[in-house]
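S.K.: Just to be clear, the model below is a prediction. Sequence and coordinates:
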Amino acid sequence: MGELVQPPKGTRDFLPEEMILRRKVMEAIRECFVLYGFVEIDSPVFEYFELLSRKCGEEIEKEIYTFKDKADRKLGLRFEFTSPLGRYYATNREKLTKPFKRYAIGKVYRYENPQTGRYREFYQADADIIGSYSMNVELELLNLAVFVLAKLEFDDYEIVINNRKVLDGIINAAGIGESKKDAALRALDKTAKIGEAGVIKEFKENGINEENYRSFMRFIDLGGLDDVKNLSILKERVNEAVKDESVRNKTAEGIEELLSIFENAGAIGLDFIKYDPLLVRGLGYYTGPIFEIKSKDLSIGSFAAGGRYDNLVELYGARPEGACGISFGVERIIDIIMQRDENALKSLSSPVKLYIVYLSENERLFAYNAARALRLNGISVELSVSVSPNISKEIKYADKKKIEYVAIIGEKEVDEKKLTIKNIKTREEKLISLEKLLKFFK
RNA sequence: GUGGAUGUAGCUCAGCUGGUAGAGCCCCGGAUUGUGACUCCGGUGGUCGCAGGUUCAAAACCUGUCAUCCACCCCA
């Protein structure tokens, strides 16, 4: 197969049967967003590069697809929905009702090497709330996430949460300077993957002492299973250790935010979320709580994540506003579903409920009218286009397209003004009137 | 951007130390012109990812290139 008949690196074609599952997942997520009161917006797939790259961090900047248009404007494809949202909000804020709760589901692009759960073109589903500093926002978003996952029948996942302010405070308390903060955080984030020795090695490579690492770890060695207690302990420790008053206040604020989340989580069915002092998240714009949802057993990584980014809209020229969002990795969710159940694709049936076959010209009008009546009642029907059909092949066709029922219309049916309905799976047949058929599908 | 593995029919793959390709599934036709998943028979389908090179001769060896998978970086 020559290269030119393949889709570009990191992109994929989807077959009709794959689309059934993809549509189902995206529709489930969308329904939940709507049930939680989020409104849909749309914005361009490309924006000015300079806009996209503001405060996203160097690493991400490298992953932005860029191009110049014919008037030499430097543009970039959106690599997620948050930066475009910042721009959108700044542009339209006068027309928006606050707090602004919006969702967006669409394709995003990242120029990176494809790998497990990683593509150059992929779907994300985002829900964000702009216009509130309250932790009620975090609680609502986490609650939404749990609702979405229940709808998708996910149960072996975990939700971890941390706070950028707290991270900054502990980094400071551990004696790691501001200039080395990012490198330290990046290394710490990898603890589960590369282990203690690996983190220390990375610290050293970045000119940070092992003692700083030990110190950091001592702060977060909180022992207990009760996160409220743990955070209270941490609060005292950091409060004593941080000399800089503004950092100390920020840290305390961050801990209060987390405490507020944990104290209220139980009341809305979120008692299982966990404080993870080593959770970092790379994107540069996060300012407060950050969270991640991952599968417990599968190696696919996190499939939903988000956090608070209070400074974002200000970056685009709007007055400061509290803002927080969550993003679902649609591809990863689909990959997980397919890894779990290899029959995930096979077991789905077509949204088309009935395939109608008529055997000769004489039955055409009857078949056409039946199809029309069903369609007018919202029932999806495919009418065969064969002129003189071979019934075996028609049934096989419907089966392959995962259509559950076939209607056969011949001389006999037209005479009796009924349709022969065959259930493909059970092979049962019934001769029934159109009225009964309509009721059956309703 | 870096490293490793892999590219042979629509799919999964076989093809030994070089002698210009095979199986199963799928697909198409028939046994079966108002009834499909099983069976039987027959058939279509490949410049062996692409481009060079070595050789009398390359799917095989060498180089480059593109793509896929895995890992790093980073991330949904």
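M.R.: Received, thanks.

S.K.: A:Lys294 sits in which helix or strand?
M.R.: strand A:289-295 (DSSP states H and E).

S.K.: Now the following helix or strand past that strand: average pLDDT?
M.R.: Remark: after strand A:289-295, the chain's next helix or strand is strand A:302-308, criterion DSSP H and E. Throughout strand A:302-308, pLDDT has a mean value of 95.

S.K.: what's downstream of strand A:302-308, the next helix or strand?
M.R.: Using DSSP H and E, the helix or strand that follows strand A:302-308 in sequence is helix A:312-315.

S.K.: does any bit of that next one sit next to RNA strand B?
M.R.: No - shown here: helix A:312-315 not in contact with RNA strand B (CB under 7 Å from any atom of the strand), separated by at least 13.6 Å. Where C-beta positions appear, they are placed from N, C-alpha and C, glycine not excepted.

S.K.: same check, this time on stretch A:336-345
M.R.: No - for stretch A:336-345, no contact with RNA strand B is found by CB under 7 Å from any atom of the strand; the gap never falls below 9.8 Å.

S.K.: Now A:Lys402: closest residue in space that isn't a chain neighbour?
M.R.: Nearest residue to A:Lys402, sequence neighbours excluded (CB to CB, 6 or more residues apart in numbering): A:Ser350, at 4.2 Å.

S.K.: follow-up on the earlier one: strand A:302-308 and the strand holding A:Lys294, what's the angle between them?
M.R.: 170 degrees (axes from the mean of the first three to the mean of the last three CA atoms, to 10 degrees).

S.K.: pull the CA atoms of strand A:289-295 into PDB?
M.R.: Provided in PDB are the C-alpha atoms of strand A:289-295 (Å, rounded to 0.1, in the frame of the first residue of the first chain):
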ATOM      1  CA  PRO A 289      -7.100  22.700  42.000                       C
ATOM      2  CA  ILE A 290      -6.100  20.200  39.300                       C
ATOM      3  CA  PHE A 291      -7.500  16.700  38.800                       C
ATOM      4  CA  GLU A 292      -7.200  13.700  36.800                       C
ATOM      5  CA  ILE A 293      -9.300  10.600  36.100                       C
ATOM      6  CA  LYS A 294      -7.600   7.400  35.200                       C
ATOM      7  CA  SER A 295      -8.300   3.700  34.600                       C
END
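
S.K.: List of residues touching that strand?
M.R.: Residues external to strand A:289-295 that are found in contact with it (CB atoms under 8 Å, 6 or more residues apart in numbering): A:135, A:138, A:142, A:145, A:149, A:154, A:156-164, A:254, A:257-258, A:261, A:273, A:276, A:279-281, A:301-308, A:324, A:326, A:336.

S.K.: Apply 7 Å and report the result again.
M.R.: Applying CB atoms under 7 Å, 6 or more residues apart in numbering, the contact partners of strand A:289-295 are A:138, A:142, A:145, A:156-164, A:257-258, A:261, A:279, A:281, A:301-308, A:336.

S.K.: Please spell out which residues along stretch A:349-365 are buried.
M.R.: A:350, A:352-359, A:363 (16 or more other CB atoms under 10 Å).

S.K.: Which of those residues fall in strands?
M.R.: A:354-358 (DSSP state E).

S.K.: Out of these, which are close to RNA strand B?
M.R.: Answer for these near RNA strand B: none qualify (CB under 7 Å from any atom of the strand).

S.K.: farthest-separated two in these?
M.R.: Longest distance between any two of those is 12.9 Å, between A:Leu354 and A:Tyr358; criterion CB to CB.

S.K.: my guess is A:Val160 contacts A:Lys274, does it?
M.R.: Yes - applying CB atoms under 7 Å, one finds A:Val160 in contact with A:Lys274, separated by 5.3 Å.

S.K.: More neighbours: which of the two?
M.R.: Neighbour count, other CB atoms under 10 Å: between A:Val160 and A:Lys274, A:Val160 has more, with 18 against 13.

S.K.: Okay, the more buried one and A:Lys55: tell me how far apart.
M.R.: Using CB to CB, to the nearest Å, A:Val160 is found at 24 Å from A:Lys55.

S.K.: Check the residue lying closest to A:Tyr397 once chain neighbours are set aside and give its pLDDT.
M.R.: With CB to CB, 6+ apart as the criterion, A:Tyr397 has its nearest non-adjacent residue at 7.3 Å, and that residue is A:Tyr355. We have a pLDDT of 94 for A:Tyr355.

S.K.: so how far is A:Ala371 from A:Tyr355?
M.R.: Between A:Tyr355 and A:Ala371 the computed distance is 10 Å (CB to CB).

S.K.: Over to A:Pro114?
M.R.: For A:Pro114, the distance to A:Ala371 - CB to CB - is 43 Å.

S.K.: neighbour count winner among those two?
M.R.: It is A:Ala371, of A:Pro114 and A:Ala371, that has more neighbours when counted by other CB under 10 Å, with 20 against 15.

S.K.: I figured that one hits A:Ile379, correct?
M.R.: No - between A:Ala371 and A:Ile379 there is no contact under CB under 7 Å: 9.5 Å.

S.K.: how close does the residue nearest to A:Arg319 when sequence neighbours are not counted get to RNA strand B?
M.R.: Closest residue to A:Arg319 apart from its sequence neighbours, by CB to CB, 6+ apart: A:Val313 at 7.6 Å. Noted for A:Val313: a distance of 18 Å to RNA strand B, by CB to the nearest atom of the strand, to the nearest Å.

S.K.: pretty sure A:Val313 is in contact with A:Glu321, am I right?
M.R.: Yes - using CB under 7 Å, A:Val313 is in contact with A:Glu321, at 5.0 Å.

S.K.: Return every residue with contacts to both of these two.
M.R.: By CB under 7 Å, 6+ apart, the residues touching both A:Val313 and A:Glu321 are A:Ile130.

S.K.: ranges for the strands of the stretch 1-150 of chain A?
M.R.: Per DSSP state E, counting those that start in this stretch, the stretch 1-150 of chain A carries strands over the ranges A:39-40, A:46-48, A:66-68, A:74-77, A:100-109, A:121-130.

S.K.: List the contacts of the residue nearest to A:Tyr397.
M.R.: Going by CB under 7 Å, 6+ apart, A:Tyr355 touches A:382, A:384, A:398, A:403, A:406.

S.K.: does A:Ser347 count as helix, strand or coil?
M.R.: What DSSP: H, G, I helix; E, B strand; the rest coil gives for A:Ser347 is coil.

S.K.: Look up the closest residue to it, ignoring the ones flanking it.
M.R.: A:Asp341 is the one closest to A:Ser347 (CB to CB, 6+ apart), at 7.6 Å.
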